[in-house]
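Undergrad: The amino acid sequence is not available; the structure is as follows:
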């Protein structure tokens, strides 16, 4: 894309501060017509702030927004952006869970009214779903609240691409594949390429660098509120991308995880769990000090299995048993993790309050100490642990949730895809921490949708349709094997090709 | 709509949807079992007399619950509307209508206040309940007033085959259903309860939505007051005090929920009718007056216990 | 963050100031009107009557704090029942005061447990659960209270009406009670759990909080406080009356909200309960002294409640 090629949007000199934190410092960004732009960077680098300013959900402190060459003034907002053809799909879904898929489509389009609106809305969204995600299996009259998160994400994405009155010029996708499984993710990115080939534009943020490298024309790298690199995708490879993002870690370190190979069974069994729909003898077994991985396509019962194990702490069950205190680190921090009214310290210490007791009352000093200690250890970026938790970036909030679990007395730590939407830097720090904790005797059961994370695990169980269908030791772990197992159907035959 | 219905028939949730109707049926059967004469046109008309104002008040509360609010002033407002009607409807109808319209506008203004200042509806409506009650007490310190003949005639109308209260509540249910569940604007109104931020960003005015819902609630409450006036000989300020809690119970019995914009107009009306009937049911059962009020609580609990059982079955 | 700010942050938000300011303003207006006459009496009466509202208000506060949709509507019936139980069991004799008190608190605990049972086992929304149980409890109160009107034991009645230099002893106890509850809220596992549950029940469960146990304690506590209030009210008024608790339904909710507790749950304000209770009582007194008619008094009370909440503004995330 030449510099002088026509652009759909052009941001110049964008500035935004949240209190003392400067999220955007004189940022320039342009998206060309017929271009797929990838935006990468650590959490806290400013990506979210930038796309929020572009989508109209956030008013910047300074800078200029040009859409199709026309400068936008201070009353630029979501509706204005919409009218100009800019749509955005955020990680926090904007669907109404009490309405059906068709009704949600109606809410999105003012034009869908009058007699027969329901049928028109249903047709509209059905066609788009078929176009982007063939084989989706979603009924337009299904109530959104009843759909699993992967399908909800699909609906939201499809809806963003539907057109009635307003044109569709630029679609901003913020971590779109984070809630989608591999199949749907690929379908989406393929569709994006198609849109772009037809002259539309797309702005994609993702922590899955592979996706960004494969599907974007140009990549912009942000770091600490500024743009540090903006080049055609072909000029980047994984290592240079990570380097540009500002991590001192080398490619080698990402690929090769040192892990003391241990004999399985050398330590006692601490977790035993069988999924509800398991028909054969397959079950998950974890020994003390192991890191057990749970893999498979998203939404195939992994979270349910983790919750079963978690419930075993308070309820006797034939299907799950544990031998010590257990903690769970949620991946959906908004709904399952963060206490929004509380400070970082309170969020961090909530699991450990029993240990902080001094004769019936919680000891303030002990509480502050615990918070300060973990802030050091896990490197939470904040001027004070008494600040409200929402003052932290997403990745740092996730760190607090880690600290909450690791700082408690839990001997077994369950992780429900906790690295979703977290930047590489944070991830690497936490991986090290997990390995260290496992060395000292903690056991981890780790559900992750990123296959490369399974390299940290001693043993991997692959789930499909609510059942464990494969049991892979570390030595036998390859990406191929996992994908193969993920796609196998009940009869053992290969399902959809990747 | 047919598509929606057939799509859901294989659903276990269908059972839950039928629960309000089933509880109504059970109460009816129980009444008829005790007192055969109740199963007549006259019997039903008598027992369901107050179903009309209660159903209207319940629908009013339903609109408020749709947008995640709660209205603790409905009883007082219905009482005020009844007092206004009792004072002026017969003698100065135009003035009376004007006043009632002003009241509805005031209700909409409250909705605006709640939206603009982000206030808790429980407190604001609590305060307004004092205001409405006070105004009604000032207007009519003792029971009295004149009931216009046409209103009395309407409320005691005896249409062929179907008792008036049943006919009226059917119409109320139909209108509310069409408005909230079938119309395209209804989807937006409900969406504002499910995810207000999303609806706001889609370009709808949450302010207008909330004001509309409150205005609708005010309108149906006024109708409830008018219906009440048509039924009683002398309205007073406290005539509808129980309607606040009754209306909440009616919506919940009908399958509605406090948050999330999940309501059912038809269910709400059925809930209201069921609650009306339990009063008569208790009288027929010759429950001692000491325990009549307790029995109402018991019946409410029984129906909701059933709903819980069904929900449990669903989960499995 | 400076030390001072940290301390202030720990003290919680300062919404309760509004309610005390309001109370003071109303008191000022009253004594200006009466040209200073009876200023002390008004204050004493305010403290006296506010005590009862504070006791149930704190119970209601904990209930409301456990999350949106949690309200205890059974408080008036519990007051009526407990008052009757207290009077009947005390039977006018000083020796049975403790037993009577225990019985009334016990009946409140039972109501609370019943409420929780409805909420937990039958999955009934708290508003409906406490509403239904209030009907049942009222029936119990009616049938139990049939018969002779029993007077409270003289020491008990004296205690509830005693004063030191114009300060009712009961109010002093209630202030200490409030302080105790504030400590429980901020520094005990129970209090911390309540605040967590109120913000996000699921997150609290996943964070190891004993959700159901906490909720059970909360509803039982609210019942117990209502029971205590019933006994004290009966002692104060010279006997139980079935409608004794009527005004406390709206009053308990009003003082919680006006006092700065979040209706969305997760944030509670104990001092605010005192400020709001005083404010409400002084408001009614002021209007009475101004010679305002019943209807006008109601309207003004309502408008002032709305005015206060409008000025204080709403939650950032809630409604």
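TA: That came through fine. What you are looking at is a predicted structure, and each value in this text was computed from that prediction instead of being measured.
Undergrad: Mind jotting down where the helices sit in the stretch 51-200 of chain A?
TA: A:78-84, A:101-108, A:117-132, A:149-160, A:182-197 (DSSP state H, counting those that start in this stretch).
Undergrad: Can you add mean neighbour count and mean pLDDT and give these back as CSV?
TA: The way it works is simple: take the backbone N, C-alpha and C, and place the C-beta from them, glycine included. Converted to CSV, the helices of the stretch 51-200 of chain A look like this (neighbours: other CB atoms under 10 Å in any protein chain shown; pLDDT from 0 to 100):
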stretch, mean neighbour count, mean pLDDT
helix A:78-84, 18, 88
helix A:101-108, 28, 95
helix A:117-132, 20, 95
helix A:149-160, 22, 91
helix A:182-197, 18, 91
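Undergrad: and the ones you listed as JSON lines, adding distance to residue C:276?
TA: Compiled in JSON lines, those are given as follows (distance: least, CB to CB, whole Å):
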{"stretch": "helix A:78-84", "distance to residue C:276": "39"}
{"stretch": "helix A:101-108", "distance to residue C:276": "39"}
{"stretch": "helix A:117-132", "distance to residue C:276": "48"}
{"stretch": "helix A:149-160", "distance to residue C:276": "42"}
{"stretch": "helix A:182-197", "distance to residue C:276": "53"}
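Undergrad: With distance to chain C as new columns, can those be given to me in CSV?
TA: Output for the helices of the stretch 51-200 of chain A, formatted as CSV (distance: least, CB to the nearest CB, whole Å):
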stretch, distance to chain C
helix A:78-84, 19
helix A:101-108, 20
helix A:117-132, 28
helix A:149-160, 14
helix A:182-197, 26
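Undergrad: Show the model's pLDDT score for residue 217.
TA: Let's take chain A. Residue A:217 carries a pLDDT value of 93.
Undergrad: if you could check chain C rather than the one you did, that'd help
TA: Predicted confidence (pLDDT) at residue C:217: the value is 97.
Undergrad: My read is that it contacts residue C:188, right?
TA: No - when contacts are counted by CB atoms under 8 Å, residue C:217 is not listed as touching residue C:188 (10.7 Å).
Undergrad: neighbour-wise, which of these two wins?
TA: The neighbour comparison of residue C:217 against residue C:188 (other CB atoms under 10 Å in any protein chain shown) goes to residue C:217, with 19 against 16.
Undergrad: list the contacts for the spatially closest residue to that one that is not a sequence neighbour?
TA: Sequence neighbours aside, residue C:190 is the residue nearest to residue C:217 in space, at 6.2 Å (criterion: CB to CB, 6 or more residues apart in numbering or on different chains). Going by CB atoms under 8 Å, 6 or more residues apart in numbering or on different chains, residue C:190 touches C:184, C:214, C:217.
Undergrad: so can I have a markdown table of those residues showing distance to residue C:122 and secondary structure?
TA: Below are these laid out as a markdown table (distance: CB to CB, whole Å; DSSP: H, G, I helix; E, B strand; the rest coil):
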| residue | distance to residue C:122 | secondary structure |
| --- | --- | --- |
| C:184 | 29 | helix |
| C:214 | 19 | helix |
| C:217 | 19 | helix |
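Undergrad: so, if you compare these, which one comes nearest to residue A:447?
TA: Residue A:447 has its nearest neighbour among the contacts of residue C:190 in residue C:214, at 28.3 Å by CB to CB.
Undergrad: Can you read off the pLDDT for the closest one?
TA: 96.
Undergrad: Tell me how chain A divides into domains.
TA: Annotated domains of chain A cover A:7-249, A:255-324+A:411-487 [automatic domain parsing].
Undergrad: By mean pLDDT, show me the worst of the ones you listed.
TA: Among these, domain A:255-324+A:411-487 scores lowest, at a mean of 81.
Undergrad: can that domain be found next to chain B?
TA: No - contact of domain A:255-324+A:411-487 with chain B is not found when judged by CB under 8 Å from any CB of the partner chain; the minimum separation is 10.6 Å.
Undergrad: Would you agree residue B:115 is in contact with residue B:208?
TA: No - contact criterion CB under 8 Å: residue B:115 and residue B:208 do not qualify, at 9.2 Å.
Undergrad: Neighbour count: the two, which is higher?
TA: Neighbour count, other CB under 10 Å: between residue B:115 and residue B:208, residue B:115 has more, with 23 against 14.
Undergrad: in which helix or strand would I find that one?
TA: Element membership of residue B:115, judged by DSSP states H and E, is helix B:93-117.
Undergrad: Check which residues of that helix are buried.
TA: The neighbour-count check on helix B:93-117 (16 or more other CB atoms under 10 Å in any protein chain shown) flags B:96, B:99-100, B:103-104, B:106-108, B:110-115 as buried.
Undergrad: Let's verify residue A:221: helix, strand, or coil?
TA: Secondary structure assignment for residue A:221 (DSSP: H, G, I helix; E, B strand; the rest coil): strand.
Undergrad: beta partners for it?
TA: Assessed by DSSP bridges, residue A:221 has beta-bridge partners residue A:40, residue A:229.
Undergrad: what's the closest of the helices of the stretch 51-200 of chain A to residue B:270?
TA: Residue B:270 sits nearest to helix A:101-108 of all the helices of the stretch 51-200 of chain A, at 22.9 Å, using CB to CB.
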